[in-house]
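*Asks:* All I have is the shape, not the residue letters:
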Ligand code: PMP
């Protein structure tokens, strides 16, 4: 996220809070809220792209994001009245009423809303809230990022599951991202306890080696990204690339042909160096560029085969 984004989040007009749409600045929780005290929230990050010539937003893979959030609720024993269909409708309504005619980032969040003491995931009331903000590029996607392997290990699935996208688990991401930035890098790459690669602080990782596209498997303590899954499908079906999910060793990152991150925030972001070692001659490679171009064509609704990945929302 650029400094400007971090300093000032320009929100959409309305938030969904306690079953109603209210002005975003009025959507507030008590200091005693369980999720605030123990990190017991689960969330999604969803992009809505503004397509000027259609005069509407296209929300990228909305049902998949809602499905992931809904499934993850079982990890923390969360039960909310809104159905997945209603959650999707709420996201559309927030975009529709946002007053923003630019890129939007949507944040639905299911959180333990009870004001009770003690760490527990069971028997505590949960609620859904959601808001949206204006968002452009989260990281540089042109020149290539300079990244470093983090001294922080990725959370193990049987400690705090990354898969669940819980608010508390982002302490792990925050430590790694800040360490990288304070050391002069753009981003961090997490290793797992066994020393193999997991992912970035808020993005999945792909490398190109011998013409194949390789990424870490769902069992590698990662959040199984919707962008990751989209990139895998586009690479295979549209670009005819072989895609392999397998463990990646740290030094493969140094010797591979191309490297890039992907995620809702990161989109498709080339990496040009890892631990000060140039990757692919220090500039984004052809496969990364090809996938990046295709990704942006798809999210902007320009690829008929994948138009069904876009949910249309016209402004109010
Ligand atoms: N890993 C982590 C830790 C993330 O926070 C994200 C962003 N949600 C991703 C991967 C990418 O996931 P997605 O493509 O679904 O946004």
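*Replies:* Perfect, I can see it now. Fair warning: this is a prediction, and the values are worked out from it, not measured in the lab.
*Asks:* Give the closest residue to residue 56 in space, chain neighbours not counted.
*Replies:* residue 314 (4.4 Å; Cβ to Cβ, 6 or more residues apart in numbering). For every residue, glycine as well, the C-beta is placed using N, CA and C.
*Asks:* how far away is that neighbour from the ligand?
*Replies:* Between residue 314 and the ligand the computed distance is 24 Å (Cβ to the nearest ligand atom, to the nearest Å).
*Asks:* Distance from stretch 142-160 to the middle of the chain?
*Replies:* Taking the mean of its C-alpha atoms, stretch 142-160 sits 14 Å from the chain's own mean (Cα atoms, centre = their mean, to the nearest Å).
*Asks:* Is it in proximity to the ligand?
*Replies:* No: using Cβ under 6 Å from any ligand atom, stretch 142-160 stays clear of the ligand, with a minimum separation of 8.7 Å.
*Asks:* what about that stretch, how long is it end to end?
*Replies:* Terminal residues of stretch 142-160 are spaced 33 Å apart (Cα to Cα, to the nearest Å).
*Asks:* Kindly report the same for stretch 264-280.
*Replies:* 24 Å.
*Asks:* about what we covered before: the residue nearest to residue 56: neighbouring residues, count only.
*Replies:* 11 (other Cβ atoms under 10 Å).
*Asks:* residue boundaries of the helices in the stretch 51-200 of the chain?
*Replies:* Along the stretch 51-200 of the chain, counting by DSSP state H, counting those that start in this stretch, helices occupy 62-72, 84-96, 170-182.
*Asks:* Identify the residue of the stretch 1-150 of the chain closest to the ligand, quick one.
*Replies:* residue 45 (4.8 Å; Cβ to the nearest ligand atom).
*Asks:* is it true that that residue touches residue 104?
*Replies:* No: applying Cβ atoms under 8 Å, one finds residue 45 not in contact with residue 104, separated by 11.1 Å.
*Asks:* Those two: who's more crowded?
*Replies:* Taking other Cβ under 10 Å, residue 45 and residue 104 do not tie; residue 104 has more neighbours (24 against 17).
*Asks:* Test my guess that that one contacts residue 48.
*Replies:* Yes: counting by Cβ under 8 Å, residue 104 sits close enough to residue 48 to count as a contact (4.1 Å).
*Asks:* any common contacting residues for those two?
*Replies:* 57, 95, 132 (Cβ atoms under 8 Å, 6 or more residues apart in numbering).
*Asks:* Next, format those residues as CSV and append distance to residue 82, pLDDT and neighbour count.
*Replies:* Shown next, in CSV, are those (distance: Cβ to Cβ, whole Å; pLDDT from 0 to 100; neighbours: other Cβ atoms under 10 Å):
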residue, distance to residue 82, pLDDT, neighbour count
57, 21, 98, 28
95, 17, 98, 26
132, 17, 98, 26
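*Asks:* Neighbours of residue 83, how many?
*Replies:* 11.
*Asks:* Please name the residues that touch it.
*Replies:* By Cβ under 8 Å, 6+ apart, residue 83 has no neighbours at all.
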